[in-house]
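*Asks:* model this:
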Amino acid sequence: QVQLVESGGGLVQTGGSTKLSCVASGRSLSSYLMGWFRQAPGKEREFVAGISWSGSSTSYSDSAKGRFTISRDYAKNTVYLQMNNLTPVDTAIYYCASVRRLGTFYGDPGKWTDWGQGTQVTVSS
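*Replies:* As a prediction, this is how the structure comes out:
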């Protein structure tokens, strides 16, 4: 099992930026996909971005493309989500997730096996 701990987020003004971090531990991540999901009040959890631990492939939701960037740091066992040009629509709890898989990223959160506790991002208008 992989343990995931998120940090970052907080209160951001519209048009601002913030960077989320997710530190992973527990086992080798070489065969894992890492992802960021978010869940706004009253809505289902949705896929935001994903990256293979090798870094060779990434995936973004339509709402994240062009504004968010996912990356990872081998040495720190950390995955990042840089979010720019934020709007109130981006307000949500953001979760880091992982699954032992290579290939296509799952959009269904039910198929990801490991989750962090979540970190709140609030974008003020």
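*Asks:* what mean pLDDT would you report for stretch 93-102?
*Replies:* When pLDDT is averaged along stretch 93-102, the result is 94.
*Asks:* Over to stretch 34-49?
*Replies:* Averaging pLDDT along stretch 34-49 gives 97.
*Asks:* list the contacts for the spatially most central residue of the chain?
*Replies:* Centroid-nearest residue in the chain, with CA atoms, centre = their mean: residue 36, separated by 1.9 Å. By CB atoms under 8 Å, 6 or more residues apart in numbering, the residues touching residue 36 are 20, 22, 48, 49, 50, 70, 79, 81, 94, 95, 96, 97. For glycine as for every other residue, the C-beta is placed from the backbone atoms N, C-alpha and C.
*Asks:* ranges for the helices of the protein?
*Replies:* For the chain, applying DSSP state H gives no helices.
*Asks:* got any ranges where it has weak pLDDT?
*Replies:* For the chain, no stretch is flagged by pLDDT under 70.
*Asks:* Fine, thanks again, bye for now.
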